[in-house]
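Engineer: sequence and predicted structure, then a few things I'm wondering about:
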Amino acid sequence: MSRPPTFVPPPCAAARVLRTARGDFAVLDAVPAAGVRRRGTVLMLPGFTGSKEDFIALLEPLTEAGYRAVTVDGRGQYETPGPEDEQAYAQDELARDVLAQAAALGDGPPHLLGHSLGGQIARAAVLLDPGAFASLTLMSSGPAAIAPVQQQRAKMLADAVTALSMAEVWQAMQAMEPPPPQDAQTRGEDRPGDGGDDSEALRARWLRHSPAQLIATGRQLSNEPDRVAELAALPLPKHVISGERDDTWAVPLLDDMAHRLRAHRTVIRGAEHSPNTDRPEETATALIDFWNR
């Protein structure tokens, strides 16, 4: 999961509820300051076990560049409630939620960005109605199912949340975390991206996820078909962005997907599966450059 540097939104952003034809969604809505030329609106979807806060470090640079940036908790994620019915989290249902969110923004077609699981949901939304969006950015989100080792982890997680409470699962996951490097311990530092003083916020986020959402979306990630040819047939501008290392989808697989999509391709040096939190300044610059085109 992405580990945001903080759960406190910057001054440009407000936590609010986005009311749509398909229900209410918790969002962070960041708007450019008065006098800044408006360039468009961006709708951002988080990944598996993530939340709207995963994009929090991108909000200030995006608004400074003239973009309204709206990050959303999908149904069953963190501050957006969802039913304990796995059918409610079918990919088609989640994609239709995204179409409703885009319409509710009221700014015309937004640029759509999805990270990891969010990218596959974004792809499904675009395939349902490509005219609803100005462009599509797939961030660390591959063409088909996740790597076998990640499929095993998703199944283990599903088994765990079925048998245990979310609090018990969190405690078990923390016990399995590797300790920080010895030199970092000596300096009294946290692991990069571990949330630091926001570790309790990470726990609170986890506890509010719907177990049914985790089970259903974990299964989706493990069984997603390759729909690149369908997506490539759409005239929508596309961008594939990732870190230089990724253990969920191999980087050469993302390179090949970008080639098949005839998409703009960005690799963020020094980043792994979450360039949005690993290297937010470089990631924001790359996104702004693509959208400005």
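Structural biologist: Cool, got the structure.
Engineer: what packs against the helix or strand harbouring Ala102?
Structural biologist: Using DSSP states H and E, Ala102 maps to helix 91-105. Contacts defined by 3 or more CB pairs under 8 Å, 6 or more residues apart in numbering; DSSP states H and E place helix 91-105 against strand 13-20, strand 23-30, strand 40-45, strand 67-72, helix 117-128. For glycine as for every other residue, the C-beta is placed from the backbone atoms N, C-alpha and C.
Engineer: closest one to Ser242 among those?
Structural biologist: Among those, helix 117-128 comes nearest to Ser242, with 10.1 Å by CB to CB.
Engineer: what strands line up against the next helix or strand after that closest one, and which way round?
Structural biologist: Heading C-terminal from helix 117-128, the first helix or strand you meet, by DSSP H and E, is strand 135-139. Sheet partners assigned to strand 135-139 using DSSP bridges are listed as strand 111-115 (parallel), strand 238-243 (parallel).
Engineer: C-alpha coordinates for strand 135-139, CSV please?
Structural biologist: C-alpha atoms of strand 135-139 as CSV (Å, rounded to 0.1, in the frame of the first residue of the first chain):
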residue,chain,number,x,y,z
SER,A,135,-7.2,11.7,-20.7
LEU,A,136,-6.2,8.5,-18.8
THR,A,137,-3.1,8.0,-16.7
LEU,A,138,-2.3,4.5,-15.4
MET,A,139,0.1,4.8,-12.5
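Engineer: in it, what counts as buried?
Structural biologist: Neighbour-count burial for strand 135-139 flags Ser135, Leu136, Thr137, Leu138, Met139 (criterion: 16 or more other CB atoms under 10 Å).
Engineer: ditto for stretch 32-39
Structural biologist: So stretch 32-39, judged by 16+ other CB under 10 Å, has buried residues Pro32, Arg39.
Engineer: so can I have CSV of the buried residues of strand 135-139 showing pLDDT and distance to Glu230?
Structural biologist: Rendered in CSV, the data for the buried residues of strand 135-139 read as follows (pLDDT from 0 to 100; distance: CB to CB, whole Å):
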residue, pLDDT, distance to Glu230
Ser135, 98, 17
Leu136, 98, 12
Thr137, 98, 17
Leu138, 98, 14
Met139, 98, 20
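Engineer: next secondary structure after the lowest-mean-pLDDT helix or strand in the chain?
Structural biologist: Sorted by mean pLDDT, DSSP states H and E, the helices and strands of the chain end with helix 182-187, the least confident at a mean of 38. Later in the chain than helix 182-187, the nearest helix or strand by DSSP H and E is helix 199-208.
Engineer: that older thread, can you tell me which of the buried residues of strand 135-139 is nearest Leu221?
Structural biologist: Closest approach between the buried residues of strand 135-139 and Leu221, by CB to CB: Leu138, at 13.9 Å.
Engineer: and Ala175, which of the helices and strands packed on helix 91-105 is closest to it?
Structural biologist: It is, among these and with distance given as CB to CB, helix 117-128, at 24.7 Å.
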